[in-house]
Every structure is written in structure tokens, then in C-alpha cells.
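Q: how would this look folded up:
(chains A and B)
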Amino acid sequence: MPAYIIRRLLYMIPIVFGVLLLTFLLFNVVGADQAVYRLAGNNPTPEILDDIRHELGYDKPLIFSIDSQFVTHVKKAVTFNFGKALDKEPIIDKLKNGVPYSLALTVPMFFGIVVTSVSLAILAAFYRGTWFDRIILLICVAGMSFPYLSYIIFGQYFIAYKYDLFQIYFSPQRSIWSNAALPILIGIVVGIGGNVRFYRTVMLDEINSGYIRTAFAKGLSTRVVLFKHLLKNAMIPIITNTVLTLPYLCLGSLLLESFFGIPGIGGITLDAIESRDFSVISTMTFIFSILFVIFNLISDVCYAFADPRISFD
Amino acid sequence: MITNDWHRRLILLILILPTIHTGCRKDPADEKGMVLRQALLSKPQTLDSGNMSDVYSMMVGGDIYEPLYTYHYLKRPYELIPLSADGMPEVSEDHLTYTIKIKKGILFQDDPCFRGSKGREVTVHDYIFAFKRMANIKFINVNWSGWQNKIVGLDDFHEYTRQFKDEYSVDYSKEVDGLLALDDHTIQIKMVKPYPQFISALADICLSPVAQEAVNYYKDEINSHPVGTGPYRLNKWHKGSYLIVVRNNNWRGEKYPTEGEPGDAEEGLLDDAGRELPFVDAVYWTIFKQQQPAWLSFQKGLLDSKSIPKDNFKEAITSETGLSEEMRERNIRLVKFVDPSVFWIGFNMKDKVLGNNLPLRKAISLAIDRERFIDIFFNGHHVAAHGFIAPGRDSYDPEINKCGYSRYDPEQAKLLIKEAELICGDSIAPLKLNMPGSGTFFTQYGQFLQRSFEDVGLTLKVDYMDLPTYMEQTAKGKSQLFASSASAVSPDSLDVLGMFATKNFAPGSNLFFYSNSEFDKLYEEGEVMFPSDQRNELYRKMERMVMEDYPAVFLNHRVSYVLYHDWNRNVKPHAFSFGLTKYRKIDVEKRNKYKDLLRSIR
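A: Residues are numbered from 1 along each chain as shown, chains lettered A, B, ... in the order given. Sure, this is the predicted structure:
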């Protein structure tokens, strides 16, 4: 297993390098001057624009030089010294401030979605063809058909404003849990539709297998059969689906953060895109690519634990 | 078998969740202290006065910093008055030397950057430092472009800073001939040429005194550690979410104005005349990136005032009575005011199709129904633009509507297009407009324009893009047509006239690449003229001169509508000033009863 993990980690190098090159080309070649115009204020002269390009190092060679912009870009990434955003705040501080809020929103949402949708999928599969199954499916399809935004607007207007059950918007006087409760609930409701349908299909494949019939024939209780035998054998797609979602948790939820004022990473990324803050966008992309590769590896390792037939060789 | 217990447990859990949540919360509306709760519709970029240029930074920064001058809170027309200056400046006969005294005893707020963490007294050296810092090339200052070639020796200082490694290694002891400290409380400023807008420029927050100790102590972090002299100081700033400012105990103190414009006394705006400021203990600024939560928060009493979102306009305002019944029931008040601004569709005069084709530009202007545009996009409450100098500015021309520059006449437009085709030698190729956004408003705006163009036989393609791309393309002259707008920062209209001066070609403010030698000559004259009827006449003549050439289709001027709760006192909108929080007052008892009022309405 260690050899396998090391091999996979080595694969990370070209992937991450590719991501760095791509983001660099995208923002430094296509859109570098946009940040210059933004920093120049109103009515700049061409000389002022040149001065800013010089101060930001945009007049240095792009790639093929020891002090080129790309080398500086790679150096920053490799040393995890991401530098400063255009507003001069260290990017690492931005991350430190934003990640806890994003996680407070996305982690409960993630567990809520996984637990609810797996449980409902098992029940729907077990009661397949009955009114229960049909109602669950109907709710899921209906849930998937509405846009995310309509849940947010509905939740904010009716649940928070009209019925006063939750608060409308982030307030520093309240705990983060209190601030995040409604967006978490909305996130779960939105997220379960597609997941339940997917997991139900997975469960249906398994529930007709011979070992399930054998387990019932041996007199095991329904709970043991469903949650021990069926669930364990359906773990591979569940692992793939859930572990690969994990990197997204750190990136926050753009819409929910924006509508509920949660000061998380989603908002920071959006601001960076709007203001063409290449350093921040590049850092986010870099971190996300690393997380994605790592969690991909974790999911592969988990397969072996979930299914003894899978080996690292 | 699975029993129904599972379902019951799940349903119970879902039902209990909100109960647990609501049971342990404290409503932030139940405030005991006098706290003002305001909304910001975008995050402030910085709280470093030296690099402040966006309106949201200034809304907060205006409470923390104090420049030399400001506008009177209540008087209209707007009147400049001293703020940290001790009286208006003494100006030499040639209008080149300004001698300004500053008030004695002004202290910076207490801060760890000072010895013993106690704020020291402000001297004129702190103002001189603010000027020099703005000129520091390593600082990359958004406001520098406006100060080039204005103060004697400041441009040389700008060049001098080029040699240093970074912003903080610059030696500020180098003298600037045009910035002299006659003593600790008197500054003399020498101008390169007469600059009639100078005193109003000194009302800009970016020229508030800056303590060099603070810059050296916080370095880049000064963006989020403002050290000012104003009535409030920053308590907490969670970027992108909220800011809290609280009273600055070192503030010099000031009294509420005793004079205003006619009608202010009847409105209760002089009830606090002569009372010690500020009234409010703290201000919570919440950043709302979306309009809906801000609107609902206001309705629920969690915000003290709010502009009306486009989609909620009919809910709040009725054309017959002003405020809707729903708003009246909640004791919500309305204030509306002319917010000097202008929206337009600009033509790139360097463009082959548009530049040499006056009939085509005129035809496009005649093709757009401004009244309908205002009805659709601004609920009929903006004013059609007949020129580009907005109402509320010194040289606004009340007669310009008689010139017919904003006439809607599609038939005449069609005739002009035939003329335009003769100039082109062919039919007019599809035109392309750059739109600075891709949200619903911009899409609908684009569709409206496309329809207007279609009606007169033209084709318009709209390129919806993000703001930085739009700014870059327009500044580089790559836009054929572009939708844009400008808001006034002072009553003087020279800034909008400057948008048509050849010397201001983009990346300067002339994004139209409009060039007219006669206009340029008058602009040079106007630049050094001080406010007078003669100058107003000159400005109006220049405006008409530009309008005759149709370098843009001017669409509308904004009229702002602001709602506020009746517990929010001394509310008077101001088009040019920030730092108005010190005048506001909250009737806390009334605010705390709002919940009961809401319950009774429901």
C-alpha cells in the first residue's frame, strides 16, 4: 500500500503543475491588465499604468526567464507563501478567516445530505414500488426541478421573515450555528433529491442479490440486513460520491454564502474573480487541485477497506 | 421488519431542529445602546484613507477620518465648511497660494502605534504626509492621477520615490516646495496653476491627516487598521461580512448645526440644533451582496434605513400617494432626492462606422424612448437626460430640455439612417455594444436597446461582460458602443466636461475619444475659472457644443428614494458628503416596540 500511495502522490506533481500553468496563462496572459486598470483609479495616464505594471512585476518576462512571472508564481505555490491579495491582505489570512465559516456551513450540510439520502434510499429501495417509494421519488424529482435560488428565496421569505423561525441574514451578535442553521437546512433539502435517486439505484442493484435473500432466509432482522449487509456492499459508489465531494466543502457555497452573508471562502473567491485578483484565484485553484487529488487517493484507499476484493496491486 | 418508528423519529427530528434553534437565540433587534444599523451593498475595498476611492469605503471611512473641509449637512445649495480646518483658507490674489489653519487639540484615536497607545495631537505635518504618501509611486495610489501636475514639487516627489525598494523605505523628510508647514497648525499650499476645485478636493477623505507612526507600525495592514481623528473608530471588521465602528473618545467634539434650508425645522431636522455630537454609540454596517435579504431585514426592523430595490418598488411606493399603505402602517418614512448622475450609451468616435457619421449617431439617439426606458427600469422615477450635466449641480441648464437632444422620433431616425448609409456607402453593419455586467438588469437593458435599434432598422449585438474586462476594453478604445454612467462627487461640473477633452483621451476619462478643438480651448479656460455666473454660462455652452456632436446618447438622471424607520432621526440625504453618522439619532424605545407593531399588523 505505501508504494501505491507514493506512486499516486507523485502523479500529483504533473497535475498540479498543469493547473498552475493553466491558471497562470488564463489570468496573466489574458487578463493581467484588468487588475492594473482597477488599481489605477479614475483617469490614469499611460505612464501611471506603466508604473503600476512595473510595481506589480507585470513587465517582467512571462515564462522563459529565471525571474519570470511564472517562476514567481510557481515559487509562491510550492512554498505555500501565497503572498498578498490586491487589497494587501495576506491571502493566508483570508483563508484562515473564511474556511471556518465555510466549513460550519458545508460540513453539517454534507453529513445531513449523506445520512438523510442514504437512509431514505435504503428505505425507498426496500419499499420499492410501494406508496412510500413513489412519494420519496416524487419529492426528489420535484426537489431537483426547482432552481437552488427559489429554495433560498422561499426559505428566506417564509421561514425566516414571515414565520420568524430562523434569522434572515448573518449577524455577528449570534453564534455561527445560529447564523448557518437556515442555509444548512436549505442546502440539505436541495442536496438530497439527486443523491436519494442515485443511492436508490445503487441499493436496488444490491437488494435483489442472492446474499440479501440468504440473510433474510437465515432470519436476520431487517435493520441488520439493510444497514449491515446491504449498506456495506453498496459502499463503493457511496464512497466515490461522498469523498470526492469533500474538497468542495472547503470552498464553501457561493449562493448560500452570498444570500445569507456567511463570510466564507465562497464570497472571497467571488470577490477575487470580480476584481481580477489573480493571486487569490490562483491560490484557490491550487489548493483545490491538491485537495481534489488527495481525496481522490483517499477514496481509492477506502475502496480496499470497503471491498476486500480490491487490492492495491 | 423496519417499523414505522423510523419515520416517526425522522419527522420528530425535523420538527425539533428549528425549535432548538429558536429557543436559544437572542434577537439583535433588542438593543439597549444607541446603535445605528446600516446596509452596504458591496464590501469596502479599504479603510486606508490614502487609497480610498470607492463609495462603500467612504461610507465607513467618513466616520473615522476627517479631512480639512466638508459640506454643510443641512444647507442647500451645498456649502463647503471647515471640518478639521480652522476656518476657510486664505487665498492669494493669483489663486496660487492657499494658507490653511487647522484646529488645535485634534487628537488621533488611541492606538498601539502611538507611544503609550495614546493618540497624539494632529499637526499639519500629518496632512503633508498624506499628500506625499499619495504621490509615493510604490504605494500605488488610486487617487494620484487626480493630483498630477497640481501642487508645486509634488510630481518631483513622485519621481523621487521611484528609486526606493518599497513603499516603507521612502524618505518622507524630502521637502516638497508646494507643501509648507508654517507652524504646527498652519499649512501653505502652492499650486502649479489656479485650481478652482481645490477646496472641494480638500473635502475628499483621501486627504485626511495620516499618522506616519500608524503607516510604519501596520504597514500593509493599515488597510484594516484605520487610525483616524473622526467621531468613530473601527471596532471590528470581518471582511465581506460586517463592520462595527464605535465612538472615538478622543474626538474633538462638535455641535449639531443650528441652520438648515427652509422646511428643515418643520421636518424636525433642527430639533437637536446646538446639541453635542455624536448621538449614536456604535454603527453596525452589514454587507449585503443581494437585495432580498437587505430588504427583508429592513422590513423586519433589523436595518434603520434602506434604498428601495427595483423589484420591491411597487410594494413600497404608489404613484398616487407616495408611500404605500403597507409602509405607512409600519411607520416607515420616505425621503427622495436628486442624486446628481447621468447614464448613457457612449460611441467610440475612433470607430470607422460611428466616428465620421453624425446622422447615424443622431439617429440612434432619436431611436431611444427615454421615458419608456425610465418606466421599465426605474419605475418611472428617474428624470430623462437632455444633457449630461445633472440637476443638482452648479451649472445645470434648466433650459436644455428645449434643445431636443433627447427627442424620441423613430421616423426621423429612419430618414437619418438613409443619410448615414450614403456616408458609409453601404447599409450599416451590425453594431456592437459592451455591457458592464451580465445580471438580469443588464440583460434586460441590452434587450431594450436591441429592440430600439431594430425598430429603426439597425442591428445591435450586445456583449455582456464582467466589469474589469469592460473597463479594460473601453479604456483601450476597443468598444464600439458602451453603456456607462457617472455620479458627481462635487457640485462643480468640470469632471463631466473633462470626459470630452482631447487631453483626457482614454485611459483618461474621455472614453468616447471625442475631440473638438473649440471645446478644448473653452475647457482650458473653464479649468481655471472660479464659480461664477460667467463660468456657469461657459459650462452650459460647452455642454451644448458636445450635445450637437452626439458622442453619446444620454438617457437619464437618478432620483434616489430612501426609506427609513421613524425611530431613525435627523435623516437628510446628502449627495456629496460622507461621515454623516454623527448627526443621526435613534429612538431606542420606539425601535424595541417595532416587533409588537409588526405582530399587531400580522
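Q: quick one: low-confidence ranges for chain B?
A: Across chain B, the ranges flagged by pLDDT under 70 are B:1-32, B:320-321.
Q: again, only using 50
A: Applying pLDDT under 50 to chain B flags residues B:1-4, B:11-12, B:14-30.
Q: show me the contacts for B:Gly253.
A: By C-beta atoms under 8 Å, 6 or more residues apart in numbering or on different chains, the contact list for B:Gly253 reads B:Glu276, B:Leu277. C-beta here means a position set from N, CA and C on the backbone, and glycine is covered the same way.
Q: any idea how far it is from B:Lys103?
A: 11 Å (C-beta to C-beta, to the nearest Å).
Q: what do you get for B:Asn510?
A: 40 Å.
Q: Name the residue in these two with the higher neighbour count.
A: B:Asn510 (20 against 17; other C-beta atoms under 10 Å in any protein chain shown).
Q: Could you report the distance from the residue lying closest to the more buried one once chain neighbours are set aside to B:Trp144?
A: Nearest non-adjacent residue to B:Asn510, counting by C-beta to C-beta, 6 or more residues apart in numbering or on different chains: B:Asn504, 4.2 Å away. With distances taken as C-beta to C-beta, B:Asn504 is found 16 Å from B:Trp144.
Q: ditto for B:Leu323
A: Taking C-beta to C-beta, one finds B:Leu323 at 45 Å from B:Trp144.
Q: cool, and B:Ile128?
A: For B:Ile128, the distance to B:Trp144 - C-beta to C-beta - is 16 Å.
Q: Buried ones in stretch B:452-463, by neighbour count?
A: Under the neighbour-count criterion of 16 or more other C-beta atoms under 10 Å in any protein chain shown, stretch B:452-463 has B:Ser452, B:Phe453, B:Val456, B:Gly457, B:Leu458, B:Leu460, B:Val462, B:Asp463 buried.
Q: what sits against B:Leu68?
A: Counting by C-beta under 8 Å, 6+ apart, the residues that B:Leu68 touches are B:Pro82, B:Leu83, B:Ser84, B:Ala85, B:Ile100, B:Ile102, B:Tyr127, B:Leu202, B:Ala203, B:Leu207.
Q: And those, which is closest to B:Gly425?
A: Of all those, B:Gly425 sits closest to B:Ala203, with 52.8 Å by C-beta to C-beta.
Q: hang on, isn't that closest one packed against B:Pro67?
A: Yes: between B:Ala203 and B:Pro67 there is a contact at 5.6 Å, judged by C-beta atoms under 8 Å.
Q: what about those two, which has more around it?
A: Shown here are B:Ala203 and B:Pro67; by other C-beta under 10 Å, B:Pro67 has more neighbours (25 against 22).
Q: That one in helix, strand or coil?
A: Following DSSP: H, G, I helix; E, B strand; the rest coil, B:Pro67 is assigned to coil.
Q: list the contacts for residue 198?
A: Picking chain A for this. A:Ala121, A:Pro237, A:Asn241.
Q: wrong chain, I was asking about chain B
A: So B:Phe198 contacts B:Tyr98, B:Lys150, B:Ile189, B:Met191 (C-beta under 8 Å, 6+ apart).
Q: The second one and B:Met191 touch, don't they?
A: Yes: contact status for B:Lys150 versus B:Met191: in contact at 6.4 Å, counting by C-beta under 8 Å.
Q: where does the stretch 1-150 of chain A dip in pLDDT?
A: In the stretch 1-150 of chain A there are no weaker segments when pLDDT under 50 is taken as the threshold.
Q: ok, of the contacts of B:Leu68, which one's closest to chain A?
A: B:Leu207 (14.3 Å; C-beta to the nearest C-beta).
Q: Surely the closest one touches B:Phe131?
A: Yes: if you go by C-beta under 8 Å, B:Leu207 and B:Phe131 touch, sitting 7.0 Å apart.
Q: hey, what's in contact with both of the two?
A: By C-beta under 8 Å, 6+ apart, no residue touches both B:Leu207 and B:Phe131.
Q: Point me to the helix or strand that includes residue 100.
A: Went with chain A since none was named. Using DSSP states H and E, A:Pro100 falls within helix A:91-126.
Q: Can you look at chain B instead?
A: Using DSSP H and E, B:Ile100 falls in strand B:97-101.
Q: touching chain B at all, stretch A:214-234?
A: Yes: on the criterion C-beta under 8 Å from any C-beta of the partner chain, stretch A:214-234 is in touch with chain B at A:Thr222, A:Arg223, A:Leu226.
Q: out of these, who's nearest chain B?
A: Taking C-beta to the nearest C-beta as the measure, chain B lies nearest A:Thr222 of the residues of stretch A:214-234 next to chain B, at 4.9 Å.
Q: ok, the nearest residue to A:Thr283 once chain neighbours are set aside - contacts?
A: Closest residue to A:Thr283 apart from its sequence neighbours, by C-beta to C-beta, 6+ apart: A:Phe82 at 4.4 Å. Counting by C-beta under 8 Å, 6+ apart, A:Phe82 touches A:Lys76, A:Pro90, A:Ile91, A:Ile92, A:Ser279, A:Thr283.
Q: Would you enumerate the residues in contact with B:Ile364?
A: Here B:Ile364 is in contact with B:Ile345, B:Phe347, B:Ala413, B:Phe453, B:Leu458, B:Tyr550, B:Val553 (C-beta under 8 Å, 6+ apart).
Q: switch the cut-off to 7 Å
A: Under the criterion of C-beta atoms under 7 Å, 6 or more residues apart in numbering or on different chains, the neighbours of B:Ile364 are B:Val553.
Q: Can you tell me how far it is from A:Val118?
A: Where A:Val118 is concerned, B:Ile364 sits at a distance of 60 Å (C-beta to C-beta).
Q: repeat for B:Arg599
A: Distance check for B:Arg599 against A:Val118: by C-beta to C-beta, it reads 42 Å.
Q: Report the buried residues of stretch B:68-86.
A: Using 16+ other C-beta under 10 Å as the test for burial, stretch B:68-86 gives B:68-74, B:76, B:78, B:80-85.
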